[in-house]
Structures are given as C-alpha cells and as structure tokens.
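> give me a 3D structure for the following:
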Amino acid sequence: MNRLVLASLVASLLVPTLAHARKAPLADDHDRRPPPPITANDERPLVQVALLLDTSGSMQGLIEQTKAQLWQIVNELATARRDGKPPRVQVALYEYGKDSLPREAGFLRRIVPLTEDLDRVSAELTKLTTNGGDEYCGRAIHVATHELSWSKDPRALKMIFIAGNEPFTQGPVKYEAAVKAALGKGITVNTIHCGDEHQGVAGMWKRAATLGDGRFAVIDHNARVAAVVTPHDAELERLGRELNGTYLGYGRGGAEKKARQAELDEAASGAMGNAGVARAAAKASTLYKNDDWDVVDAVKAGKDVLSFEDAELPAELRGKSKEEKRKEVEGLATERSALQGKIAELESRRRAFVANEAKKRPAAAAPAPAAAGDAMVDAIREQGKAKGFAF
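Next up, the predicted model:
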C-alpha cells in the first residue's frame, strides 16, 4: 500500500471519531439544560469550574480526596470578593478513563453540567467508582470546552481542572489543540498529575498546563487529607445539621433533595480530613443556595412559590393562607440567618486556631503531601487574583 493510500485510509478512520468528539456525550446525563443566565439584577462576578477526573482502576484515592475537599474548595471561593461582591459559582463534573464508559464517547461521561447546585455535585462524587480503561485527556478537555455553557464575559473566572496519571498524549484528539481551544474561550487549563513529578513532565502534563496558562501540580493521590482538630469542630457540624430544619422542599423532587442534604452531611462527617466541618461552613456561605427545591431560598430569589397548589408545597405549608405561609417562611429565614451567623463566627475562630497551631510547628517540618483539593485551591487563588478577586 503506497503512502498516499495509507494516509487517506487513516484520515477516513479519524474523521468520524473527531466529529463525534464535537458532540456532547449523552450517556447517563439526564439534565442537558444550561445553567440559568445571570439576570440584570445579579451583578456578582462569575466563577465557572469544570472537574475532569480520571476514574481508571488506580484512581480511587483521587476520588476520595476530591470528595473530602470539595467543600474546602467551595469555602475558598466563598471568601473571594471582587468590587466588594461575592462570586456566583458554577461547577461541572466529568469522569474519564474507565472501560465501563462508552468507547464511542471516548471513555468519557459528563456527570453534571455547570450548576450552582453544589449538593448535586457532592452527591455524584460519592457515587464514583473505578475500573481500568484508556485515558484520553485531549478529548476530555475538547468536549468540556465545547459542550458546557461557558460565559462569554471576559472578566469571568473560567477554569478546567483535569487530574489523572497516564500520558496526556493518548486518544484521537491532540491535547495541544484542545488546550489552545479552551484558552481561546478564556478557559484556563490546570493539570494535576497523580504520581511522580518526572513522569508528569514526561507525560506532557506540565506542558499542557503551560499551554493552557494554568498550573501544573503533582500530588500523592493515595495520601490521606490532613486534618487539624479544633475545639470548634463538633459544634460546627451540629449547627450545620441544625440548619437542615430551616429547609422546606417544594415541587417534584423537593423532598428527595432535602433528604439528600442530610445524607451528604453524614457522608462528609465520615470522610477524611475536615470534610464535615468544611461542609457546615459552606452551608452558611452565599454559595450554598437551593432555590430550585427549598421554599425559603426560592422566596429569597423572588420566586412566587407561595402561590403554588398545596400538592406542590411541603406539608408544613399546606392548608394555610398565603399570609400564613409568608410568616412561616420569614420565621425560617430568620432562624437560618441566625444559625449561619453562629457558624460563620465559629468558623472564624476555627481558622484562627488552625493558623496559631501552624505557627507552633518547627520551621523545618515537612508539609503534608498536597492533595487534589489543595492543588485546586492554589490555582483558584492565583488565577482568581489575576481576574481581580481578593481572598
């Protein structure tokens, strides 16, 4: 076979694959609706983060670290301010690199589109499992870049975090082209290599981050997330659970999502690190909003849920006049605000305790191995400051 014929054959095989790469993978993705647009009266700066996690056989540690540190990442973003305003945060979640994912989709699955429903992201993280497979980093970045509803606002902070351990060069989509396309949309590409730094460099993880104007991090994905126990932890978790009593699920799925809230509290409490404490603090922040299922948040967002039929409302509001419903919701809102204030105060004390303990450590003490969430927080701070955020 001469070279011309061989080249034509290869091209004919690759074109359908690349064409498919431009399409959104449909597997296991029941919500393809874009996130709600920013309204005229919502002038908060926007932060969008896509997490692309390798779920091949050796990556269970990566999943555990990300589950444990999700709320730490949220809390870091909650402290950010630009022009005195807290951000609006959307998170997307993908998995790639395991055999149980469709080959025709490049062993890639979008689990959650860009969303402000952080409990949904957390719940899906708890379900992730691993098995062997092929890790196509270029394709994962390409799909996330083209199918997610990224903002066109040049001041928005838009970030991709891709974590894994196999060479970045695998798959039909060239990683260089995928990374450059992301950067062309103002999306910074950060890479987290799970393993040896030399292998990460040789496997092009560092070069991909350089091309994407992002950070290259190396982590021990099997390390346990470090935890600093403080006198405030138990009370923070208790108050976080008490907050749940101020939520009222409405509409289809409202009761299930309220139950999910408590289940995620228990899951975080049992996770490594300070996940339970971090979740409690996050639930008191401006980023934790559930107006799609909670009556109190919905009313605060301007939704006229109190006019819904009784069948769409929680038992606590059924059979009451609209005025009675309003007073009930106002009472819960006041109670929630008071609890959130107590949590914020305790979290401030906790941070001060942790900082003081850090000063007591010998200067030569080796830092704990960096985990996935630590790498993400470092990148968020650096790239957020470049977009005008103060932390």
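> next, give phi and psi for the closest residue in space to residue 77 that isn't next to it in sequence.
Spatial nearest neighbour of residue 77, excluding adjacent residues (Cβ to Cβ, 6 or more residues apart in numbering): residue 89 at 5.2 Å. For glycine as for every other residue, the C-beta is placed from the backbone atoms N, C-alpha and C. Dihedral pair for residue 89: phi -120, psi 130, per degrees, to the nearest 10.
> quick check, residue 89 in contact with residue 114.
No - using Cβ atoms under 8 Å, residue 89 makes no contact with residue 114, being 9.8 Å away.
> between these two, which has more neighbouring residues?
Taking neighbours as other Cβ atoms under 10 Å, residue 89 and residue 114 compare with residue 89 leading, 26 against 20.
> now stretch 314-322, how far from the centre of its chain.
35 Å (Cα atoms, centre = their mean, to the nearest Å).
> make that stretch 221-232, sorry
When distances are taken as Cα atoms, centre = their mean, stretch 221-232 is centred 20 Å away from the chain's centroid.
> average pLDDT for it?
The average pLDDT within stretch 221-232 is 93.
> what does it rub up against?
By Cβ atoms under 8 Å, 6 or more residues apart in numbering, the surrounding residues in contact with stretch 221-232 are 59, 61-62, 65, 68-69, 163, 165, 194-195, 272-275, 346-347, 349-350, 353-354, 357, 368-369, 371-373.
> repeat that with 6 Å
Applying Cβ atoms under 6 Å, 6 or more residues apart in numbering, the contact partners of stretch 221-232 are 61-62, 65, 68, 194, 272-274, 346, 349-350, 353-354, 368-369, 371.
> what about these, which are in helices?
Using DSSP state H, 61-62, 65, 68, 346, 349-350, 353-354 are the members of these that sit in helices.
> which among those residues count as buried?
Burial by neighbour count, judged by 16 or more other Cβ atoms under 10 Å, picks out 61-62, 65, 68, 346, 350, 353 from the ones in helices among the contacts of stretch 221-232.
> could you export these as a markdown table, including pLDDT and distance to residue 55?
Formatted as a markdown table, these follow (pLDDT from 0 to 100; distance: Cβ to Cβ, whole Å):
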| residue | pLDDT | distance to residue 55 |
| --- | --- | --- |
| 61 | 97 | 11 |
| 62 | 97 | 8 |
| 65 | 97 | 13 |
| 68 | 95 | 16 |
| 346 | 97 | 35 |
| 350 | 96 | 32 |
| 353 | 95 | 36 |
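> which one of those residues is nearest residue 241?
Using Cβ to Cβ, residue 346 comes nearest to residue 241 of those, at 13.8 Å.
> which ones are touching the closest one?
232, 236.
> ok, it to residue 284 distance?
9 Å (Cβ to Cβ, to the nearest Å).
> again, but for residue 256
23 Å.
> look at those two and report which has more neighbours.
residue 284 (25 against 11).
> quick one, phi/psi of the more buried one?
phi -100, psi 0.
> how about the contacts made by it?
340, 343-344.
> cool, and residue 146?
No contacts exist for residue 146 under Cβ under 6 Å, 6+ apart.
> likewise the one 10 residues further on?
Contacts for residue 156 (Cβ under 6 Å, 6+ apart) come out as residue 46.
> the strands in the protein, which residues?
Taking DSSP state E as the criterion, the chain contains strands spanning 46-54, 88-96, 108-115, 157-164, 187-194, 216-219.
> I figured residue 139 hits residue 173, correct?
Yes - contact criterion Cβ atoms under 6 Å: residue 139 and residue 173 qualify, at 4.3 Å.
> looking at these two, which one has more neighbours?
Taking other Cβ under 10 Å, residue 139 and residue 173 do not tie; residue 139 has more neighbours (27 against 23).
> pLDDT at that one, what is it?
pLDDT, the model's per-residue confidence, is 98 for residue 139.
> that one and residue 119, how far apart?
Here the distance between residue 139 and residue 119 works out to 29 Å (Cβ to Cβ).
> kindly report the same for residue 187.
25 Å.
> which one's more surrounded, the two?
Set side by side, residue 187 and residue 119 show more neighbours around residue 187, with 25 against 19, by other Cβ under 10 Å.
> please name the residues that touch that one.
Going by Cβ under 6 Å, 6+ apart, residue 187 touches 158, 160.
> any idea of the pLDDT on it?
98.
> do the same with residue 33
If you check residue 33, the pLDDT there is 41.
> and the one 5 residues further on, by the same measure?
Model confidence at residue 38, given as pLDDT, is 41.
> and stretch 171-188, how far from the chain's centre?
A distance of 20 Å separates the centroid of the chain from that of stretch 171-188, by Cα atoms, centre = their mean.
> which of the residues in it are buried?
By neighbour count on 16+ other Cβ under 10 Å, the buried set for stretch 171-188 is 171-173, 175-176, 178-179, 181-183, 186-188.
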